[in-house]
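Enquirer: Next one to model:
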Amino acid sequence: MRNFYILTLLFYLVFTPNLAYTLEGGIEYDGVYIDYSALNYNQWRKTADYNFLKARNAKTENERQMYYSRAVGAYQTMTKINPFDPIVMATIGHIYGKMHNRVYAKAFLDRGLNLDLKNPIVNYYYGIFHDDERDYRKARKSYNVAFANGMKANYDLIIRLAVVNAKLGELENAKYYYNLAYMLNPSKELKNKIILLDELKK
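Expert: As a prediction, this is how the structure comes out:
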């Protein structure tokens with residue numbers, strides 16, 4: 001019977017993000033502890049990454065939120081095994097942002113930033129958070145850190161920098177990043193954006 005309760009608690013740890021967030025160090029039930037160090041970190045990563053990918057490719061919002069919930073639970077289990085991975089912390093923050101939980105999103109993004117201030121993935125996810133919050137200056141600042149620290153060839157980041165600079169009225173900067181994006185992945189749409197920016201500057 002005791003083993004059944006332990007398995008039940010583990011199930012909620014994976015599928016209930018709020019529970020996973022509140023647990024620190026281990027779970028105790030009737031004097032029995034779950035030792036997080038005994039859990040397989042790589043297996044939890046596979047589970048987390050799988051559900052994160054499924055969320056990104058989901059066809060409906062309900063399906064997306066379901067997979068985000070599963071992913072965030074698994075990522076949080078990883079933080080119990082290793083609490084010093086800034087990318088995992090930032091990924092949790094990013095997912096909470098997509099789940100419309102601003103408080104948890106910012107808390108985990110801050111934890112990631114505190115672990116590695118210049119980490120490109122952490123700053124990339126923080127930029128997306130600021131972007132979603134329509135704080136474009138902060139978004140650009142975070143994106144610039146990501147760009148300067150290893151993501152200069154990341155197409156999505158470059159497009160985001162182009163868009164956020166355009167929104168801030170920095171048309172020359174916007175054109176610079178659209179040109180970079182065009183060099184990575186030429187398209188008629190990007191070419192038209194560059195032409196439009198040239199027209200706007202006249």
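Enquirer: What is the least confident helix or strand in the protein?
Expert: helix 17-22 (a mean of 39; mean pLDDT, DSSP states H and E).
Enquirer: Now do the phi/psi pair for Asn165.
Expert: phi -70, psi -40 (degrees, to the nearest 10).
Enquirer: Just to check, it is in contact with Ala174?
Expert: Yes. The pair Asn165 and Ala174 qualifies as a contact (C-beta atoms under 8 Å) at a distance of 4.1 Å. The C-beta positions use only the backbone N, C-alpha and C, and glycine is treated the same way.
Enquirer: which element is the residue most central in space within the chain on?
Expert: The residue lying closest to the centre of the chain (C-alpha atoms, centre = their mean) is His94, at 3.1 Å. Assigned by DSSP states H and E, His94 falls within helix 86-98.
Enquirer: Now the element after that helix, going C-ward?
Expert: Counting by DSSP H and E, the next helix or strand C-terminal to helix 86-98 is helix 102-115.
Enquirer: What is the subsequent helix or strand relative to that next one?
Expert: Next helix or strand after helix 102-115 toward the C-terminus (DSSP H and E): helix 120-132.
Enquirer: List of residues touching that following helix?
Expert: 86-87, 89-91, 93-94, 97, 105-106, 109, 112-113, 115-116, 136, 138-143, 145-147, 149-151, 154, 157, 160, 164 (C-beta atoms under 8 Å, 6 or more residues apart in numbering).
Enquirer: Need the buried ones from these selected in PyMOL.
Expert: Buried members of the contacts of helix 120-132, defined by 16 or more other C-beta atoms under 10 Å, are picked up in PyMOL with:
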select buried, resi 86+87+89+90+91+93+94+97+105+106+109+112+113+115+116+136+138+139+140+142+143+145+146+147+149+151+154+157+160+164
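Enquirer: Noted, bye for now.
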